[in-house]
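Peer 1: sequence plus predicted model, see below.
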Amino acid sequence: MKSVLLIDDSSVQRTVLKSYFQKYFPSVAISFGTDGQSLVRLYEEHTPDLTVIDLHMPYISGDEAAMDLLSVYPDAQIIISSAADSPEDFDRISRAMLHGVAGYLIKPFGYREFIETIAEL
């Protein structure tokens, strides 16, 4: 893996994800975004091997942004991260996976869950 795009409105979550990627993939180039609205633009700028996007964000949710991106770039590898504390959240993640999202991480997640999810791609 050469590059990743991390989209999350939480600076803490971006920092956690960055540290996990740097530990497991020390040479990976990491790009950041803070909302779903910027996903397609950032994806086109950075062409990442993997995108991790939060479910709940301002302007456009992570699942909607992921499905928009996959409609243009069907081979994009996307993982949704979320606290997923409601049945509606799980329904949204499931629907996004039916549209091509590769996996999901439930917050808070540890290094082990992170590695297992990445390994499944």
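Peer 2: Nice, thanks for sending it over.
Peer 1: and the helices in this protein?
Peer 2: Using DSSP state H, the helices of the chain run over residues 11-24, 39-46, 62-72, 87-98, 111-119.
Peer 1: the first one vs helix 111-119, what angle?
Peer 2: Following axes from the mean of the first three to the mean of the last three Cα atoms, to 10 degrees, one obtains 70 degrees for the angle between helix 11-24 and helix 111-119.
Peer 1: helix 11-24 packs against which elements?
Peer 2: Packed against helix 11-24 by the contact rule (3 or more Cβ pairs under 8 Å, 6 or more residues apart in numbering; DSSP states H and E) you find strand 3-7, strand 29-33, helix 111-119. Quick note: C-beta positions are derived from backbone N, CA and C, even for glycine.
Peer 1: next, the buried residues of the longest one.
Peer 2: Translated: helix 111-119. For helix 111-119, a neighbour-count test (16 or more other Cβ atoms under 10 Å) marks 114, 117-118 as buried.
Peer 1: select, out of the helices of the chain, the one closest to residue 78.
Peer 2: helix 62-72 (4.8 Å; Cβ to Cβ).
Peer 1: what angle sits between that closest one and strand 3-7?
Peer 2: 140 degrees.
Peer 1: just the residues contacting helix 62-72, thanks.
Peer 2: 7, 36-37, 39-40, 43, 51, 53-57, 60, 76, 78, 80-82, 92-93, 95-96, 99-101 (Cβ atoms under 8 Å, 6 or more residues apart in numbering).
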